[in-house]
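S.K.: Task: produce atomic coordinates for the following.
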Amino acid sequence: EMCHSVTCFLTGGLLDKFPRLKVCFAHGAGTFPYIRGQLEHGLTRGVNNEVAFKDAADSLAPHLYIGRFFCDSIVHSREATEFLLSAMTEDMVVFGSDYPYAGSYVGKSEKSFDLAQHYGYLGAATLAKMMGDNAGRLLSPNL
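M.R.: Take a look at the predicted model:
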């Protein structure tokens, strides 16, 4: 569902129509980072590897939109988090808690979030971006 939302958002041209719009997709943008290549192939190539959308092939390429929207870090594994930070760039991933759902990283029953337990394998610069700097850019009124 999240990947479908991202794909519709991009192919609908919203970022092109509103280039200063800031958007953040939950759950690491769903499967989008992982199947981006397949989407790109499907959107820009058709049957028999012919160009499917002749005039729009370049503008529909999902890789062109990396760095133009944010996603949160809720992917629940080290491997997925590392891939997400690489695929979406560490400048576009913000901390996500999954609150108020069961198993969220923060909530009423926890006194504090244990950063080292969940993200101790990440470097200090990456953590600083994910835990605050990126959210600051996302929520900043400066467009």
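S.K.: what about this structure, any weak spots by pLDDT?
M.R.: For the chain, the stretches flagged by pLDDT under 70 are 46-60, 100, 102-113, 116, 143.
S.K.: Please give me every residue in contact with the residue nearest the centre of the chain.
M.R.: In the chain, the C-alpha closest to the average C-alpha coordinate belongs to residue 71, at a distance of 3.2 Å (Cα atoms, centre = their mean). Residues near residue 71 by Cβ atoms under 8 Å, 6 or more residues apart in numbering: 24-29, 33, 84, 88, 92-94. The way it works is simple: take the backbone N, C-alpha and C, and place the C-beta from them, glycine included.
S.K.: One more pass at 10 Å, please.
M.R.: The contact partners of residue 71, taken as Cβ atoms under 10 Å, 6 or more residues apart in numbering, are 2, 6, 23-30, 32-33, 84, 87-88, 92-94, 96, 134.
S.K.: could you flag which of those residues are buried?
M.R.: Using 16 or more other Cβ atoms under 10 Å as the burial test, the contacts of residue 71 include 6, 24-25, 27-30, 32-33, 84, 87-88, 92-94, 96, 134 as buried.
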